[in-house]
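Peer 1: coordinates for the following, if possible.
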Amino acid sequence: MIRLTVGENDQIEAILTYEQGRRLAASDIVRARPSPYDSAVWQITPQGKVGVARVGDVEVWVTPKLAIDRLLFLVGYAADPKGWRDDLVQLDIRQSLIPAVAQALWRQVERALHQGLMQGYQTFEEASPVLRGRLREGDQLRRHHGRAIPMEIRHDDYTVDIPENQILLAAITRLLTVPRVDERSRRHLAALRIRLAAVTSLIKGTTLPHWRPSRLNARYHTALRLAEIVWRATSPEHTPGSVATNGFLFDLTKIFEDFVTVAVSEELHAKYGGAAYLQYSCYLDEALAVRMKPDLVWEFGGIPRLVADAKYKQEKPAGYPDADLYQMLAYCTALRLSRGHLIYAKGNAPAASHLVRHAGIEIVCHALDLASPPKAILAQVNGIVSEFF
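Peer 2: Predicted coordinates:
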C-alpha cells in the first residue's frame, strides 16, 4: 500500500506506476499527471476535497488548512443552525480529520443510546401463515389464486427498526470501512454496531431514510445530524467510467457555500424578515435560454432585494478573480439590483468594492476569516449582513 499526504493547497510528486497514476487521475479526488521530466514521477494536486481515500493500492490523505474543529463547525452549522453547538462534540483538535470525526460519532451515538434504543411503530407487509393486522385481499387473490395460506397481511409492529436507528447504523457501518480510523474509535463503533444488530442495514446505493425532528427523538438529534454528515462524506459519486474509491472526503467548496448561505439566510431573516432562497433560479436573457443560479437571493415583498455568492477559492496575487465579478454583474443586471455581494474565505486580499462603469452597479467582496472561533465566525457573518443595506 502506497500512502501519499498532500496539503489542501499544495502539490507533491510521487513515484507511481502508470496504472496507479491513471486511477488517481480518474478518481476526481486529486489531479494526477506525469511529470514532464520523468514519466515515473506523478504530480499530485488536490481538487477541493479533504480527507482520506483509497484508490486501488494507493491511499491519499488530503489535509485541510482549517483546524478540524472549525471544519466540523462549518459542516454541522449548515446541517442544523439551531441545534448545532461546538461544545456538544468535544474534539481533540490535535487529531487528524478521520479520528476526530470517528470520535465525535461514537461519542454522540453512545449519548443518544444511553437510555436505550428508540422504538416506534413501523408498517410491514409480508406473507404469513398467521393472520396479523389486516389481510391485503387484492395481493392475496393475485399472488395465491384462492389459496388460504400463506396470507398477504399488513400489520404494525413496535420495533427498534425505525429510520433514526437505521441512519445511525448506516453511518457507523460506513465509517468502519474508512482508512485511518483509530483503534479506540473502531472498537466503540463495532460495539455500537452490535447494539444496533436488530436494525436493518441499508443496501449499498440506497439513500438514507427520512426522519423528522420531534420531541420524541430529541436525544438523537445531534447524533443523527453527524451521522448524515458521515454518510455524505463516505458516499463516492459514481459516474460512468469513474474509479471506485473508498474513503471519507469533504468537498470544501460545497461546505463553505452551504455554511455561508445558511448563516446569512438566518441573519437576514432575524434582522429583516423576508424570504431567502438558495440556488435561486433566474435567466440572463429575454428568451429564457441562459439559466443562472446565484447561491442566495433574498426577497422582500416578493421582489429580489439582494444577491450573494459564496466563493471558497484561492485568490490571485492582485486580489479576487475577475470571472467572479463578471458573474455577479450578470446576476445584478438580470435581477435589477444595484448591488451584489461576493463572500470569500479570507486569504491574502482584504475586502474590496467595485463600481461598474456606465452601469451604476456596485460589487462588494467580503472576506470571512474561518480561522476564528465559531462565535467570532458568526459575528463576522452578522457584520457582513449589516453591510448589505
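Peer 1: give me phi/psi at residue 328?
Peer 2: In this entry, residue 328 is assigned phi and psi values of phi -70, psi -30 (degrees, to the nearest 10).
Peer 1: my read: it touches residue 309, true?
Peer 2: Yes. A contact is recorded between residue 328 and residue 309 when judged using Cβ atoms under 8 Å, the distance being 6.2 Å. (Glycine included, C-beta is placed from N, CA and C.)
Peer 1: which residues sit in contact with residue 145?
Peer 2: The contact partners of residue 145, by Cβ atoms under 8 Å, 6 or more residues apart in numbering, come to none.
Peer 1: any buried residues in whichever helix or strand residue 264 is part of, and which?
Peer 2: Element membership for residue 264, per DSSP states H and E: helix 252-272. Within helix 252-272, the residues that count as buried by 16 or more other Cβ atoms under 10 Å are 252-268.
Peer 1: when residue 328 and residue 309 are compared, which one has more neighbours?
Peer 2: Shown here are residue 328 and residue 309; by other Cβ atoms under 10 Å, residue 328 has more neighbours (26 against 20).
Peer 1: how about that one, nearest residue that isn't a chain neighbour?
Peer 2: Of all residues not flanking residue 328 in the chain, residue 340 sits nearest, at 4.2 Å (Cβ to Cβ, 6 or more residues apart in numbering).
Peer 1: partners of the one you found in the sheet?
Peer 2: Beta-bridge partners for residue 340, by DSSP bridges, are residue 363.
Peer 1: what's the distance between stretch 210-218 and the middle of its chain?
Peer 2: 20 Å (Cα atoms, centre = their mean, to the nearest Å).
Peer 1: not counting it itself, show me its contacts.
Peer 2: With contacts defined as Cβ under 8 Å, 6+ apart, stretch 210-218 is touched by 83, 118, 120, 163-164, 167, 221, 224.
Peer 1: residue 40: which of those is nearest?
Peer 2: Nearest to residue 40 out of the contacts of stretch 210-218 is residue 167 (Cβ to Cβ; 45.3 Å).
Peer 1: burial check on the closest one, number of neighbours?
Peer 2: Neighbours around residue 167, by other Cβ under 10 Å: 24.
Peer 1: please, which helix or strand holds it?
Peer 2: Under the criterion of DSSP H and E, residue 167 resides in helix 163-175.
Peer 1: then that helix to PDB, C-alphas only?
Peer 2: Provided in PDB are the C-alpha atoms of helix 163-175 (Å, rounded to 0.1, in the frame of the first residue of the first chain):
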ATOM      1  CA  PRO A 163     -35.400   5.400  10.400                       C
ATOM      2  CA  GLU A 164     -33.500   7.000  13.300                       C
ATOM      3  CA  ASN A 165     -31.700   3.800  14.200                       C
ATOM      4  CA  GLN A 166     -31.200   2.800  10.600                       C
ATOM      5  CA  ILE A 167     -29.400   6.200   9.900                       C
ATOM      6  CA  LEU A 168     -27.100   5.700  12.900                       C
ATOM      7  CA  LEU A 169     -26.200   2.100  11.900                       C
ATOM      8  CA  ALA A 170     -25.600   3.200   8.300                       C
ATOM      9  CA  ALA A 171     -23.100   5.900   9.300                       C
ATOM     10  CA  ILE A 172     -21.300   3.600  11.800                       C
ATOM     11  CA  THR A 173     -21.000   0.800   9.100                       C
ATOM     12  CA  ARG A 174     -19.700   3.300   6.600                       C
ATOM     13  CA  LEU A 175     -17.100   4.800   8.900                       C
END
